[in-house]
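1. here is the input, now give the coordinates:
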Amino acid sequence: MESKHLSVSQIKMFLRCPLQYQFRYIDGLKIPPTGSLTLGKSIHSALEANYSQKITSKQDLPAEKVLDLFSDRWEQEVKETVFDMDEKAGTVKDDGVKMVTAYHGQISPTIQPRLVEHEFNLIFANVSYTLKGIIDLVDVEGTIIDHKTSKRSMNPEDVGSDIQLTCYALAYRTLFGVPEKELRFDVMVKTKVPKLQQIPTTRTQDDIRRFLKVLGFVSKAIQSGTLYPCENKQTCSWCGYRELCRKW
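-> Model prediction:
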């Protein structure tokens, strides 16, 4: 069942725990989504629909329509979601409504999209796997934007080293032959009054080369079967595969 491509999420999982990667992407064992994941996917779906039509309309959808889109996707996803013991589905959804409302009122009007959910599939001579992904959003000025939901504020230093944005810079430069203007995480923080962050960053060619080196080594490790548990208490404490791991 092993995939013949790698994505940033797969690479991040392998770097976090190779055995977790095996369970998910080689053995094909999926675990139910968490409340945070369902919240993020539902918000992402609503923003995608708004920006997709805005490419030609040049106008945002009414806030009520965007909230309806969020709610519709939530109702689809929540059926398979496993919430933490201290979470209630209704409360998490209410948080999402607040976050979408804040984002749509403050950030959406400032963005004119050029590309939305733009897929890429890159092939490299020395890597056995293709590199696949989807860039959330590129505005008309060439800024690559990725949307995040979080329980706490994001550290700009972490954004500066995040391989997801490095991968998007590589894909954009490969596909269009020019560098992006900027890279940015737009973060919706799940606080009582939602906090919005726009954290810009850049990537150098050295950053790109380092990412490609990581991609190559991860590819070789997967092919060779170098798949082992990370034995990290912090990571293991929330891993959905921990019971399987104990039997490994």
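
2. in this structure, which spans are helices?
-> 8-16, 18-21, 35-57, 63-77, 89-106, 156-161, 163-176, 205-224, 233-236, 242-246 (DSSP state H).

3. for those helices, which one sits closest to N121?
-> Smallest distance to N121 across the helices of the chain (C-beta to C-beta): 9.1 Å, for helix 163-176. The C-beta positions use only the backbone N, C-alpha and C, and glycine is treated the same way.

4. buried residues of stretch 205-213, list them for me.
-> Neighbour counts over stretch 205-213 (16 or more other C-beta atoms under 10 Å) mark D207, I208, F211, L212 as buried.

5. now the end-to-end length of stretch 189-204.
-> Taking C-alpha to C-alpha, to the nearest Å, stretch 189-204 runs 28 Å from one end to the other.

6. how about the helices of the chain, which one is nearest I123?
-> Closest to I123 of the helices of the chain, according to C-beta to C-beta: helix 163-176, at 9.9 Å.

7. and the pLDDT for M1?
-> pLDDT for M1: 46.

8. quick one: closest of the helices of the chain to H147.
-> H147 lies closest, by C-beta to C-beta, to one member of the helices of the chain: helix 35-57, at 5.9 Å.

9. so that closest one versus helix 63-77, what angle?
-> In terms of direction (axes from the mean of the first three to the mean of the last three C-alpha atoms, to 10 degrees), helix 35-57 departs from helix 63-77 by 140 degrees.

10. re earlier: tabulate the buried residues of stretch 205-213 (JSON lines), appending pLDDT and distance to S52.
-> Formatted as JSON lines, the buried residues of stretch 205-213 follow (pLDDT from 0 to 100; distance: C-beta to C-beta, whole Å):
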{"residue": "D207", "pLDDT": "98", "distance to S52": "30"}
{"residue": "I208", "pLDDT": "97", "distance to S52": "28"}
{"residue": "F211", "pLDDT": "97", "distance to S52": "28"}
{"residue": "L212", "pLDDT": "96", "distance to S52": "31"}
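
11. before we move on, back to that, I'd like the helices of the chain laid out as JSON lines, including distance to V116.
-> Formatted as JSON lines, these follow (distance: least, C-beta to C-beta, whole Å):
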{"stretch": "helix 8-16", "distance to V116": "18"}
{"stretch": "helix 18-21", "distance to V116": "29"}
{"stretch": "helix 35-57", "distance to V116": "5"}
{"stretch": "helix 63-77", "distance to V116": "14"}
{"stretch": "helix 89-106", "distance to V116": "15"}
{"stretch": "helix 156-161", "distance to V116": "21"}
{"stretch": "helix 163-176", "distance to V116": "14"}
{"stretch": "helix 205-224", "distance to V116": "24"}
{"stretch": "helix 233-236", "distance to V116": "33"}
{"stretch": "helix 242-246", "distance to V116": "37"}
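
12. okay, domains of this structure per the record?
-> 1-26+112-238, 32-110 (automatic domain parsing).

13. of all the helices of the chain, which one comes closest to V187?
-> Ranking the helices of the chain by proximity to V187 (C-beta to C-beta) places helix 156-161 first, at 8.8 Å.

14. nearest to I43, of the buried residues of stretch 205-213?
-> So of the buried residues of stretch 205-213, ranked by how close each gets to I43 (C-beta to C-beta), first place is F211, at 27.1 Å.

15. now do the contacts for that closest one.
-> Contacts for F211 (C-beta atoms under 8 Å, 6 or more residues apart in numbering) come out as I163, T166, C167, L170.

16. just give me the closest of these to F70.
-> For the contacts of F211, the nearest to F70 is C167 (26.8 Å; C-beta to C-beta).

17. for the closest one, the count of nearby residues, please.
-> By the criterion of other C-beta atoms under 10 Å, C167 has 24 neighbours.
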